[in-house]
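Trainee: Fold the following and give me the result.
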Amino acid sequence: MALPWKTLDRFATEEEGTLELRQRGKGDFLITLGPQVLMNSKAQRSEIALGELGGGGLKNHPNPRVLVGGLGMGITRRAVLDTLPETARVIVAELNPKILEWCLGPLAELTGGAAGDPRVTVEITDVAELIRQSSDEAFDAVILDLYRGPHPQTDRHNDPIYGSRAIERTRDTLKPGGVFAVWGENPDAGFEGRLAAAGFAVRCERPGKGGYRHAVWVAEKKTAGKPQNQRLRGKPRS
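Mentor: Have a look, this model is predicted:
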């Protein structure tokens with residue numbers, strides 16, 4: 001018989017309801033928003049794939065600089081850190097200080113101490129605003145692990161994260177050849193098209209085999225001389 005869920009902590013957000021952290025056994029956690037499950041510690045494959053795909057090309061980079069939008073349970077951050085050298089700098093943008101408190105507390109066991117990794121700086125801010133304020137070519141990778149990804153109803157021009165203007169701002173903060181990696185619930189052809197139109201070579205991965213498979217977009221900022229309509233196509237990760 002499954003153990004009952006125990007609520008460890010909760011707090012009310014101004015616009016979207018109450019966030020709760022629940023546990024029912026060692027390493028078995030949920031983060032919920034009202035009746036919706038946002039994160040499940042037993043279902044991590046797309047978050048791990050996002051971190052590996054976003055940071056995987058930087059293992060031998062001398063001093064990579066990476067921006068991660070969204071902290072969640074810290075799973076993506078752990079996967080990113082595992083791909084990077086000790087000289088890396090990782091900036092994590094998280095809106096809610098309570099999420100950081102959870103990651104430093106009961107969720108720390110999930111990530112092997114990633115919350116205290118000296119390569120990481122957590123900023124309590126909106127990732128869209130942080131990107132807006134960043135200088136040109138500031139990052140080698142931008143990785144977005146937000147609980148709402150792009151979808152067909154996204155405002156294609158004005159969405160502050162996934163719209164065409166926001167994509168162009170993100171592109172400008174990336175160094176040539178830099179990677180923009182994004183988590184989503186499902187594939188979205190409109191978002192993929194906006195990435196390509198902004199000058200990215202893009203592919204959509206579906207991590208895992210069987211069951212519900214989320215989407216992970218991997219978009220590489222093209223360097224001079226690459227054809228502007230080229231798209232990368234890869235087989236889904238197993």
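Trainee: Name the nearest residue to residue 9, sequence neighbours excluded.
Mentor: Spatially, and ignoring its direct neighbours in sequence, residue 9 is nearest to residue 21 (4.8 Å; Cβ to Cβ, 6 or more residues apart in numbering). Yep, even glycine has a C-beta here, placed from its N, CA and C like the rest.
Trainee: got a list of what the spatially most central residue of the chain touches?
Mentor: Within the chain, one residue has its C-alpha closest to the average C-alpha position: by Cα atoms, centre = their mean, that is residue 145, at 2.2 Å. By Cβ atoms under 8 Å, 6 or more residues apart in numbering, the contact list for residue 145 reads 47, 50-51, 68-70, 72, 76, 183.
Trainee: what pLDDT does residue 3 get?
Mentor: Note on residue 3: pLDDT of 86.
Trainee: what's the burial count for the closest residue to it other than its chain neighbours?
Mentor: Distances taken as Cβ to Cβ, 6+ apart place residue 24 nearest to residue 3, at 4.2 Å, with adjacent residues excluded. The tally of other residues near residue 24 (other Cβ atoms under 10 Å) stands at 12.
Trainee: if we can go back for a sec, and the residue nearest to residue 9, what are its phi and psi?
Mentor: Backbone geometry at residue 21, expressed as degrees, to the nearest 10, gives phi -110, psi 120.
Trainee: Please work out the average pLDDT along the longest strand seen in the chain.
Mentor: Identified as the longest strand of the chain according to DSSP state E is strand 174-184. Across strand 174-184, pLDDT averages out at 97.
Trainee: looking just at contacts, which helices and strands does that strand meet?
Mentor: Here strand 174-184 touches helix 45-55, strand 139-144, helix 164-173, helix 189-197, strand 215-221, going by 3 or more Cβ pairs under 8 Å, 6 or more residues apart in numbering; DSSP states H and E.
Trainee: now the second one: how far from the chain's centre is it?
Mentor: Think strand 139-144. A distance of 9 Å separates the centroid of the chain from that of strand 139-144, by Cα atoms, centre = their mean, to the nearest Å.
Trainee: quick one: low-confidence ranges for this structure?
Mentor: Filtered on pLDDT under 70, the chain yields the residue ranges 1, 211, 224-238.
Trainee: Where do the helices of it begin and end?
Mentor: Applying DSSP state H to the chain gives helices spanning 45-55, 75-83, 97-104, 127-133, 164-173, 189-197.
Trainee: Dump those to TSV, plus mean neighbour count and distance to residue 112.
Mentor: Below are the helices of the chain laid out as TSV (neighbours: other Cβ atoms under 10 Å; distance: least, Cβ to Cβ, whole Å):
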stretch	mean neighbour count	distance to residue 112
helix 45-55	24	13
helix 75-83	24	7
helix 97-104	18	12
helix 127-133	17	24
helix 164-173	19	29
helix 189-197	19	32
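Trainee: Which among those helices is found nearest to residue 118?
Mentor: helix 75-83 (10.5 Å; Cβ to Cβ).
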